[in-house]
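Participant: Starting from these lines, generate the structure:
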Amino acid sequence: MALDALFLAGLRRELAAALIGARVDRIGQPSRPSLIFHLRGEQTRHLCLWAGTAPRVWLSETGLENPPEPPMFCMLLRKYLTGARVVAVDQPELDRLLTFTFACSDLFGGSETRTLTVELLGRAPNVILTDGDGVITDCLYRAGGLGEKRAVLPGLRYEPPTGLGKMDPRTADAAVFGGLFRAAEGGAEIAGWLCGHFAGLAPLTARELVFRAYGETDTRVADALAKDGGAALAASWDAFAAVLRGGGEPCILRDETGTMRELACMPIRQYGSRWTCERAESFSRAVETFYASRNAEERRRQLTADITKQVKTRRERVARRLGNQQRELAAAADRETLRENGDLLTSSLHVMKKGMASFEAEDYYRGGTRVIRLDPLKTPQQNAAAYYKDYTKAKNAEKILTTLVAEGREELAYLDSVLAELAMAETLGDAAEIKSELADAGVLKAPRDKKRKAPKPARPMAFTAPDGTRVLVGRNNVQNDALTFKTARRDDLWLHVQKLHGCHAVICCAGAEPAEATLLYAAGLAAWFSDGRNAGKVPVDYTRVRFVKKPAGGRPGAVLYTDYKTVVVSPRAPEGTA
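Facilitator: Residues are numbered from 1 along each chain as shown. Sure, this is the predicted structure:
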């Protein structure tokens, strides 16, 4: 759900109180739709903007990881806003817009004003930087052309989205509200009428006002007028307006299963005991809590979306080529028939004539006769020679195709392992390492900028077993190789999920026999960081590191191992790092 304008009004008051006077220290753009401003005032604040699905703004206590190379829009914001002070936070016309006004220094050391407008418009969110004259410096998403009604492009004057001309509910007193209500169409539902006449009212809030007045959410205008002339609704409206003037009360609604379903700017009672309404510490905390799980998923998807698309395209191409090669190899397996046809024709040249389309020869290989197709334009000798030539080509092709099919299967397995890694990637570092690995493997094009630094190799994930034993798990193929062949000792215990793509795991036991609980703990982690994460039970092989070998010419992450045993476990989600 997108934040409704009344919830955003309460959030604006909160942001203004926390940010006005603060100075922009750093600006980051962890992914395309997200921006984070680190501001210093009486205390450090992290202003987070999300201009993707379900756009939102909130203050966070922690920052987010930034990419090694900042995007162009991020660098532009740094150029103009680093060191600037926040002087105002506004919400024009109670719309789903927030404007942050900054006092900045211009290129000549003078002062200027710039405005950052955040449009939280559901299907078309955007972040737009304008100068003191309202001219667009740049924006996160460029839209439209010069001839269109509303274009958002650098150099054009910023025009906010056209409002709907509705009344601000914070300014409508009882007399104004009563006059409007009595003039309403009698057959209309009150909740729909409220949404149509007052700005910022979400259907949830409108239904709540009706419920508080009449105990149900679908009461019609005529029924309310007949019952009490709309007095109960007017009282409900007055109480609601008072809450708005006080800034609102941030609330989160949970359904019967505990799943968070809605955000509201006031307590919601219309669901009775079926749903619970809990008061949040602040509007920002409500937003951060509500979108916490979605934040992680959206962030992971944004980090890996482009790479995943390219890898899938490469995989489809490899799979298609492999299928063709396998069919050709199957056809080459029947090459002996070609040689036999040549032999049978050679033995019958004396009875054959040019122009024949087929010849029925005595089959002294299998008995009886065999009908052999001929090229009428060739002589009998040329037809026999053609069969021998096809036989030689098929024989040579089998050798080449056998190698190509093996290489294709290896590449397909490697790409599948990379897709599994991408599905588990959680940080920018993970995505950058996988991208670098793919560039080294020739799957992706290497960056043209040779000066660009390679991502700093991350350490493997570290966990602590119940008895205190350290367990290490690789994050990707390159890390798997480094963990197994460089970090781990030869007498440590190595684990990997059986016949599935997954990460390498190592129990740092230095030759000792680990406790059964430790073995099961590490095996559960190995199963969790694999394609078997969602399975009920997964077989995991384990052996000493010295029995794990790298195949000659093998791709990153590929290994061969012997002297192993197998344990069947349920995938175990990590509880924390060591």
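Participant: number of nearby residues for the residue lying closest to residue 476 once chain neighbours are set aside?
Facilitator: Nearest non-adjacent residue to residue 476, counting by C-beta to C-beta, 6 or more residues apart in numbering: residue 421, 4.7 Å away. (Each C-beta comes from the backbone N, C-alpha and C, glycine too.) Around residue 421 there are 29 other residues, counting by other C-beta atoms under 10 Å.
Participant: what's the answer for residue 468, then?
Facilitator: 8.
Participant: and it, which of the three is it?
Facilitator: coil (DSSP: H, G, I helix; E, B strand; the rest coil).
Participant: what's in contact with stretch 328-346?
Facilitator: For stretch 328-346, contacts defined as C-beta atoms under 8 Å, 6 or more residues apart in numbering pick out 352, 359, 361-365, 370, 372, 380, 383-385, 387-388, 390-391, 394-395, 397-398, 401-402, 405.
Participant: my guess is the residue nearest to residue 476 meets residue 434, correct?
Facilitator: Yes: with contact defined as C-beta atoms under 8 Å, residue 421 reaches residue 434; the gap is 5.6 Å.
Participant: Now the common contact residues for those two.
Facilitator: Joint contacts of residue 421 and residue 434 (C-beta under 8 Å, 6+ apart) are residue 476.
Participant: picking that back up, and the contacts of stretch 328-346, which are buried?
Facilitator: For those, a burial check counting by 16 or more other C-beta atoms under 10 Å picks out 352, 359, 361, 370, 372, 380, 383-384, 387-388, 390-391, 394, 397-398, 401, 405.
Participant: Just list the residues touching the closest residue to residue 281 other than its chain neighbours, thanks.
Facilitator: Leaving aside its chain neighbours, residue 281 sits nearest to residue 250 (8.0 Å; criterion: C-beta to C-beta, 6+ apart). Contact analysis of residue 250 by C-beta under 8 Å, 6+ apart lists 7, 10, 263-265, 279-283, 285-286.
Participant: Kindly recompute the last result at 6 Å.
Facilitator: By C-beta atoms under 6 Å, 6 or more residues apart in numbering, residue 250 lies in contact with 280, 283, 286.
Participant: from those residues, which ones fall inside helices?
Facilitator: Counting by DSSP state H, the part of the contacts of residue 250 found in helices is 283, 286.
Participant: Need the contacts of residue 250 in CSV (columns: neighbour count).
Facilitator: Shown next, in CSV, are the contacts of residue 250 (neighbours: other C-beta atoms under 10 Å):
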residue, neighbour count
280, 18
283, 27
286, 26
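Participant: any chance of the contacts of residue 250 in a markdown table, plus pLDDT?
Facilitator: As requested, the contacts of residue 250 are exported to a markdown table (pLDDT from 0 to 100):
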| residue | pLDDT |
| --- | --- |
| 280 | 92 |
| 283 | 94 |
| 286 | 92 |
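Participant: which one among the contacts of residue 250 gets closest to residue 184?
Facilitator: Nearest to residue 184 among those is residue 283, at 31.5 Å by C-beta to C-beta.
Participant: which helices and strands does the lowest-mean-pLDDT helix or strand in the chain pack with?
Facilitator: Least confident helix or strand of the chain, by mean pLDDT, DSSP states H and E, is helix 428-440 with a mean of 78. Secondary-structure packing of helix 428-440 (3 or more C-beta pairs under 6 Å, 6 or more residues apart in numbering; DSSP states H and E): helix 292-332.
Participant: what angle do the helix it packs on and helix 428-440 make?
Facilitator: Calculated by axes from the mean of the first three to the mean of the last three C-alpha atoms, to 10 degrees, helix 292-332 forms an angle of 20 degrees with helix 428-440.
Participant: what's the spacing between helix 292-332 and its chain's center?
Facilitator: 15 Å (C-alpha atoms, centre = their mean, to the nearest Å).
Participant: try stretch 366-385
Facilitator: The chain centre lies 61 Å from the centre of stretch 366-385; the measure is C-alpha atoms, centre = their mean.
Participant: follow-up on the earlier one: out of the contacts of stretch 328-346, list just those in helices.
Facilitator: 380, 383-385, 387-388, 390-391, 394-395, 397-398, 401-402, 405.
Participant: Among those residues, which one lies nearest to residue 102?
Facilitator: residue 405 (61.5 Å).
Participant: any idea how far residue 373 is from that closest one?
Facilitator: Per C-beta to C-beta, to the nearest Å, residue 405 is found 29 Å from residue 373.
Participant: repeat for residue 397
Facilitator: Residue 397 sits 20 Å away from residue 373, going by C-beta to C-beta.
Participant: for the stretch 401-550 of the chain, what spans make up the strands?
Facilitator: For the stretch 401-550 of the chain, the strands defined by DSSP state E, counting those that start in this stretch cover 461-464, 470-473, 493-497, 505-507, 538-544, 548-549.
Participant: how about JSON lines for these, with mean neighbour count and distance to residue 194 added?
Facilitator: Converted to JSON lines, these look like this (neighbours: other C-beta atoms under 10 Å; distance: least, C-beta to C-beta, whole Å):
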{"stretch": "strand 461-464", "mean neighbour count": "17", "distance to residue 194": "52"}
{"stretch": "strand 470-473", "mean neighbour count": "23", "distance to residue 194": "54"}
{"stretch": "strand 493-497", "mean neighbour count": "26", "distance to residue 194": "56"}
{"stretch": "strand 505-507", "mean neighbour count": "28", "distance to residue 194": "58"}
{"stretch": "strand 538-544", "mean neighbour count": "20", "distance to residue 194": "54"}
{"stretch": "strand 548-549", "mean neighbour count": "17", "distance to residue 194": "68"}
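Participant: what's near enough to touch residue 495?
Facilitator: Residues near residue 495 by C-beta under 6 Å, 6+ apart: 505, 522-523, 526, 540, 542.
Participant: ok, the ones in helices among the contacts of stretch 328-346 vs residue 322, which is closest?
Facilitator: Closest approach to residue 322 among the ones in helices among the contacts of stretch 328-346 (C-beta to C-beta): residue 405, at 6.6 Å.
Participant: wouldn't that closest one be in contact with residue 324 here?
Facilitator: No: between residue 405 and residue 324 there is no contact under C-beta atoms under 6 Å: 10.2 Å.
Participant: Now do the helices in the stretch 51-200 of the chain.
Facilitator: 72-81, 174-182, 190-197 (DSSP state H, counting those that start in this stretch).
Participant: closest to residue 33 out of those?
Facilitator: Shortest distance between residue 33 and the helices of the stretch 51-200 of the chain, using C-beta to C-beta, is found for helix 72-81: 10.9 Å.
Participant: Which residues outside that closest one are in contact with it?
Facilitator: Against helix 72-81 from outside (C-beta under 6 Å, 6+ apart): 24, 27, 29, 102, 114, 138, 140.
Participant: likewise stretch 469-487?
Facilitator: Contacts to stretch 469-487, defined as C-beta under 6 Å, 6+ apart, come from residues 421, 430, 433-434, 437, 460-463, 465, 503-508, 518, 522, 525, 529, 548, 556-557, 578.
Participant: Going by neighbour count, which residues in it are buried?
Facilitator: By 16+ other C-beta under 10 Å, the buried positions in stretch 469-487 come out as 469-484, 487.
Participant: and the end-to-end length of it?
Facilitator: Using C-alpha to C-alpha, to the nearest Å, the end-to-end distance of stretch 469-487 comes out at 16 Å.
Participant: any idea of the mean pLDDT for it?
Facilitator: The average pLDDT within stretch 469-487 is 92.
Participant: what separates that stretch from the chain centre, distance-wise?
Facilitator: Mean-position distance between stretch 469-487 and its chain equals 25 Å (C-alpha atoms, centre = their mean).
Participant: just stretch 268-276 next, same as before
Facilitator: 33 Å.
Participant: What of stretch 26-46?
Facilitator: 21 Å.
Participant: what sits up against that stretch?
Facilitator: By C-beta under 6 Å, 6+ apart, the residues outside stretch 26-46 that reach it are 18, 21-25, 47-52, 59-60, 63-64, 66, 71, 74, 77-78, 302.
Participant: How is this structure divided into domains?
Facilitator: For the chain, automatic domain parsing gives the domain ranges 5-139, 328-422, 461-569.
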